[in-house]
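Q: Got a predicted structure here, sequence first:
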Amino acid sequence: MNECPIIPIEERDKALSSLIQILTKDRVAVMPCDTIYGLVGRVPGSEEALRALKGRDADKPFIELITMEMVDSISETAIPEEWKFLWPGPLTLIVKRKNGSGTVALRVPSDPFLIELIERLGTPLYSSSVNISGEKSLHDFDEIVDAFSCKIDLCIRGSEEQGTVASTIVDLSKETPCLIRQGALDVSDLI
């Protein structure tokens with residue numbers, strides 16, 4: 001595969017239409033999220049491609065980026081208001097998936113571009129750090145391009161202020177909330 005196209009996020013319309021074109025074919029792209037750069041793909045069709053790209057085991061799920069309007073159609077868990085209040089933002093909540101099919105890690109991003117992308121696709125997006133499973137996450141765009149541009153279909157270059165801290169992950173699927181990963185958001189007053 002040749003190097004993928006690179007589009008700066010400042011070219012908003014072109015970036016959005018290019019992402020939609022790639023993602024609706026269940027292919028994988030790199031884009032800036034409101035936390036860190038992410039490998040993204042449409043739920044559920046891109047899961048196999050994303051797993052193969054990262055070398056990730058089938059038993060380790062991906063975070064799903066959603067809109068607030070999608071929460072109730074996906075989550076069996078009634079998310080308490082004190083947690084919902086932190087959305088949109090850098091908080092991932094593990095909840096029971098509707099229809100008794102295990103758990104799912106959900107996050108509502110605070111990036112208007114990302115929300116518009118999800119709304120236009122009409123489905124959640126898988127999101128994962130840009131790395132091979134077990135290796136360190138890449139945050140520098142040039143390093144990301146060097147490592148992944150021949151393996152994916154599109155790279156969206158973020159701004160100079162692109163974040164480098166992943167989301168905080170909290171498991172709400174059990175009786176007591178449990179901090180899984182401390183990230184960009186401090187939730188110590190809720191746990």
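A: Everything's here; your move. Numbers count the residues shown, from 1 in each chain.

Q: Need phi/psi at the most centrally placed residue in the chain.
A: Computing the C-alpha centroid of the chain and ranking residues by C-alpha atoms, centre = their mean puts residue 127 first, at 2.5 Å. Backbone torsions of residue 127, given as degrees, to the nearest 10, read phi -140, psi 140.

Q: so what's it closest to, chain neighbours aside?
A: residue 38 (4.4 Å; C-beta to C-beta, 6 or more residues apart in numbering). All C-beta atoms are positioned from the backbone trio N, CA, C, and that covers glycine.

Q: how far away is the residue of the chain most remote from its centre from residue 106?
A: Residue farthest from the centre of the chain, counting by C-alpha atoms, centre = their mean, is residue 175 at 25.6 Å. The spacing between residue 175 and residue 106, counted by C-beta to C-beta, to the nearest Å, is 19 Å.

Q: ok, the closest residue in space to residue 119 that isn't next to it in sequence - how many residues close by?
A: Once flanking residues are discounted, residue 119 sits nearest to residue 67: 6.0 Å by C-beta to C-beta, 6+ apart. Number of residues near residue 67 (other C-beta atoms under 10 Å) recorded here: 17.

Q: just residue 132 next, same as before
A: By the criterion of other C-beta under 10 Å, residue 132 has 13 neighbours.

Q: now residue 26: how far from residue 40?
A: Applying C-beta to C-beta to residue 26 and residue 40 gives a distance of 12 Å.

Q: And for residue 50?
A: Distance from residue 50 to residue 40, by C-beta to C-beta: 8 Å.

Q: Between the two, point out the one with more neighbours.
A: residue 40 (29 against 21).

Q: How about the more buried one: which residues does it bridge to?
A: residue 29, residue 127 (DSSP bridges).

Q: Identify the residues contacting it.
A: Listed by C-beta atoms under 8 Å, 6 or more residues apart in numbering, the contact set of residue 40 reads 23, 28, 29, 30, 31, 33, 65, 125, 126, 127, 128.

Q: Thank you, goodbye.
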